[in-house]
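K.L.:
Give me a 3D structure for the following:
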Amino acid sequence: LHNYKKSYEIYKKVHKKVQDDNNDPDHPDIAGILKRIGDVYNNEFYYEKALENYKKSEKAYKELLEVNSKDYSVYSKLIQVYYATQDYEKAQPYKKKLYEAHQKGELNENMKDMFCFDQFDWKDKKVMVYERFEEGSKSLYYKHIFYVINKKGDMEYSVQTEFSPILAEQG
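P.N.:
Residues are numbered from 1 along each chain as shown. Reported below is the predicted structural model:
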């Protein structure tokens, strides 16, 4: 229903109730609740374009990482927050953590090859931008993939940035 303010109020009440009932700020349900609070603000920002909501989303995601530092999807969401607010430098440590988790084989199937680092509107389409973990390969590969999605939610086409070892050697 796109009623994000009401969703937020409910999640905050649930968050407090779970903490109070269990007398445990690290209760396992807290992680899911914090993730939903961050998502509510991300969605509200997307529809209402209110920058302060991204700051609230950032806070919820950071709280979640304190509870569960292995939820790597949250790193991707934080990176998206920083790209949306044009705080690109703040995104770098989270990108680094994702690359480290990738090297250790800790990422789930959805993030095994790449992660979403930006979303934006373009004309009447939504664009989702992914970065592949591959680096310094001896062969040609796509580093960034822009998926262009129509209003029905179907991908119309994609655009890729290409890494070429030959061009890299030439500087």
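K.L.:
Which parts of the chain are strands?
P.N.:
Ranges of strands within the chain are 114-122, 125-132, 141-149, 155-163, based on DSSP state E.
K.L.:
Same list (the ones you listed) but as a markdown table, adding mean neighbour count, distance to residue 169 and mean pLDDT.
P.N.:
For the C-beta atoms, the positions are set from N, CA and C on the backbone; glycine is no exception. As requested, those are exported to a markdown table (neighbours: other C-beta atoms under 10 Å; distance: least, C-beta to C-beta, whole Å; pLDDT from 0 to 100):
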| stretch | mean neighbour count | distance to residue 169 | mean pLDDT |
| --- | --- | --- | --- |
| strand 114-122 | 17 | 24 | 90 |
| strand 125-132 | 18 | 20 | 92 |
| strand 141-149 | 16 | 15 | 91 |
| strand 155-163 | 12 | 12 | 91 |
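K.L.:
between the ones you listed, which gets nearest to residue 68?
P.N.:
Across those, the minimum distance to residue 68, taken as C-beta to C-beta, is reached by strand 114-122, at 17.1 Å.
K.L.:
packing partners for the closest one?
P.N.:
Using 3 or more C-beta pairs under 8 Å, 6 or more residues apart in numbering; DSSP states H and E, the elements in contact with strand 114-122 are helix 72-84, helix 88-104, strand 125-132.
K.L.:
That strand vs helix 72-84, what angle?
P.N.:
Put simply, strand 114-122 runs at 40 degrees to helix 72-84, going by axes from the mean of the first three to the mean of the last three C-alpha atoms, to 10 degrees.
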